[in-house]
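Novice: No sequence on hand, only this structure:
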């Protein structure tokens with residue numbers, strides 16, 4: 001059967017229609033896939049943005065929490081420091097208020113030695129300060145009985161107003177063999193001190209001070225603390241000589257002249273005013289100067305700022321007089337001179353040296369130049385004068 005040529009256009013048209021339908025289907029499928037891919041990408045971007053936002057929010061919350069915790073710690077630290085400062089201030093006020101009363105006897109004795117020797121020096125009594133804190137120590141208030149400043153040396157003097165019989169560095173049996181069986185001397189390894197007090201006709205009280213509690217060890221420790229404080233304040237190290245002075249008039253003291261059991265410089269141990277004068281003479285007559293006059297003046301001002309009572313002798317008294325040479329001060333000096341002249345007319349009343357200036361004395365302190373019977377208590381038990389050794 002012959003092929004109908006008239007069907008060719010229709011066949012071609014049908015093929016083209018089928019091809020068009022196939023192309024349309026393919027394009028539509030591709031479009032759907034593209035839309036799906038775009039939607040998936042948009043969803044992924046939205047998820048990533050959401051996660052990033054959540055991470056930023058969490059980081060912000062953590063940062064706020066850290067800041068809040070840090071501020072809480074700062075408030076706690078500031079509160080603790082404020083409380084510590086208040087405690088230290090109270091302790092300092094208490095020490096300043098009570099200290100000079102118990103150091104009056106020893107202060108007068110040191111001042112007498114300085115006047116008799118005619119030295120250029122500054123004596124500071126009852127120096128109260130906060131030692132430099134270390135990782136192994138907590139903050140506390142320390143008190144030094146006396147500091148004697150001169151250009152040839154500086155010294156911390158520990159006053160002990162102990163009465164009775166005192167053995168410092170010497171065992172009782174080495175002084176009195178008959179005492180061998182009365183005391184346990186097995187623990188008396190220098191440094192040590194032993195005090196025997198007659199509390200009543202039939203009662204003797206024995207107090208032992210061993211190792212760190214011994215006066216020689218105490219004064220060396222206080223001198224080191226004061227040296228650290230000075231270095232922190234002025235940036236220069238000052239080394240202090242040390243001395244223990246048993247000042248009670250009713251004390252009988254048997255002691256080594258010097259104690260060097262802790263190593264380093266030895267500590268002088270004295271109980272008589274003549275011995276004290278010898279220590280002052282040795283300190284102030286050395287051939288080599290260790291401090292300038294300006295540095296001595298600066299140290300005196302620093303310790304005075306700690307509430308210390310100040311007595312100046314020799315050139316330093318003249319310097320203080322010139323520094324305060326106002327009309328009011330001149331009038332006060334004239335009145336003081338008139339009072340001294342009037343006192344000189346009374347027999348038995350000593351007159352203070354004109355080359356001496358007193359600064360910062362409290363009403364409790366006896367005036368320089370009063371008699372020993374008026375200025376010195378007959379008893380100054382150490383219970384009223386605790387050692388500040390934390």
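Specialist: Ah, there it is. Just so it is clear, the model here is predicted, and its values are computed rather than measured.
Novice: Would you state the helices of the stretch 1-150 of the chain in chain order?
Specialist: 8-117 (DSSP state H, counting those that start in this stretch).
Novice: Next: the stretch 151-300 of the chain.
Specialist: Ranges of helices in the stretch 151-300 of the chain, per DSSP H, counting those that start in this stretch, are 172-175, 215-234, 273-284, 293-305.
Novice: The ones you listed into CSV, with extra columns for distance to residue 116, mean neighbour count and mean pLDDT?
Specialist: For the C-beta atoms, the positions are set from N, CA and C on the backbone; glycine is no exception. Formatted as CSV, the helices of the stretch 151-300 of the chain follow (distance: least, C-beta to C-beta, whole Å; neighbours: other C-beta atoms under 10 Å; pLDDT from 0 to 100):
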stretch, distance to residue 116, mean neighbour count, mean pLDDT
helix 172-175, 30, 16, 94
helix 215-234, 24, 21, 95
helix 273-284, 6, 18, 96
helix 293-305, 20, 17, 95
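Novice: Minimum distance to residue 66: which of the ones you listed has it?
Specialist: Nearest to residue 66, of all the helices of the stretch 151-300 of the chain, is helix 215-234, at 33.0 Å by C-beta to C-beta.
Novice: what residue ranges in the stretch 51-200 of the chain score low on pLDDT?
Specialist: 81-101, 134-139 (pLDDT under 70).
Novice: Tell me, how many residues neighbour residue 163?
Specialist: Using other C-beta atoms under 10 Å, residue 163 has 20 other residues around it.
Novice: mind listing what residue 172 touches?
Specialist: Applying C-beta atoms under 8 Å, 6 or more residues apart in numbering, one finds that residue 172 lies in contact with 179-180, 182-183, 185, 194.
Novice: Equivalent analysis for residue 289, please.
Specialist: So residue 289 contacts 151-152 (C-beta under 8 Å, 6+ apart).
Novice: distance of it from residue 234?
Specialist: Using C-beta to C-beta, to the nearest Å, residue 289 is found at 18 Å from residue 234.
Novice: same thing with residue 56?
Specialist: Distance of residue 56 to residue 234, computed by C-beta to C-beta: 52 Å.
Novice: where along the stretch 151-300 of the chain do the strands fall?
Specialist: Using DSSP state E, counting those that start in this stretch, the strands found in the stretch 151-300 of the chain span residues 153-160, 164-168, 192-200, 203-210, 241-246, 251-255, 258-259, 267-270.
Novice: still on that earlier bit, what two of the contacts of residue 172 are the furthest from one another?
Specialist: Counting by C-beta to C-beta, the most remote pair of the contacts of residue 172 is 180 and 194, 13.7 Å apart.
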